[in-house]
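>>> Whatever this is, show me its structure:
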Amino acid sequence: MPLPALIRSLVYGVGVVLVQWLLLGRLRLWGAYPDAVLLFVAWLGLRYGRRAGSVAGFVCGFAIDVVYDTWGLHMLVKTAVGFMIGLFPSSEREGTLLLPRQALVGGLLLALVHNGLLVLLLSLQTGVRDSFLVFGLWIGSAFYTAVLATAYTIARGR
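This next block holds a predicted model:
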């Protein structure tokens with residue numbers, strides 16, 4: 001990744017973590033909240049490859065762990081997701097264009113995998129087995145994240 005793109009990505013990453021913490025984390029619907037940091041990590045993985053996705057997942061996940069006091073959970077899951085998304089080959093990474101339908105389905109699948117791993121690790125760590133973990137945090141937050149991805153794609157003008 002060239003240095004200007006690295007600096008720009010770092011600034012965007014800090015901004016996304018702040019927006020997640022100060023705004024999106026408080027916009028809960030029945031306990032579910034969207035995960036803009038996950039979408040940012042996935043975007044970096046798609047655009048720059050698995051190394052950038054992994055590093056972004058590690059750094060942004062660590063920042064979210066500090067904010068939400070989940071030490072290591074977000075960092076581990078977001079690093080794995082950034083690596084997996086970066087594995088998908090793209091001949092023109094710079095010109096990656098997503099349609100709203102692709103953003104909805106891709107965001108939903110990505111969030112279902114991410115939230116499923118997060119719920120599993122959170123359940124193992126705390127020993128809590130509650131229906132909210134499945135319906136609120138896993139499925140509800142996945143749909144909310146997919147709607148956020150679609151709204152961003154539409155607002156960006158394709």
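
>>> What does the pLDDT read for residue 114?
Here the pLDDT value assigned to residue 114 is 97.

>>> what helix or strand is it on?
Remark: residue 114 resides in helix 100-126, with elements defined by DSSP states H and E.

>>> mind checking how far that helix is from the chain centre?
9 Å (CA atoms, centre = their mean, to the nearest Å).

>>> Does it pack against any helices or strands, and if so which?
Packing partners of helix 100-126 (3 or more CB pairs under 8 Å, 6 or more residues apart in numbering; DSSP states H and E): helix 36-48, helix 73-86, helix 141-156. C-betas here are computed from N, CA, C, even on glycine.

>>> right, so those: which one is the most enclosed?
Mean neighbours per residue, mean count of other CB atoms under 10 Å, is largest over these for helix 36-48, with a mean of 24.

>>> and the angle for that helix with helix 100-126?
120 degrees (axes from the mean of the first three to the mean of the last three CA atoms, to 10 degrees).

>>> sorry, back to before: out of the helices and strands packed on helix 100-126, flag the one nearest residue 128.
For the helices and strands packed on helix 100-126, proximity to residue 128 was assessed by CB to CB; helix 73-86 is nearest, at 13.3 Å.
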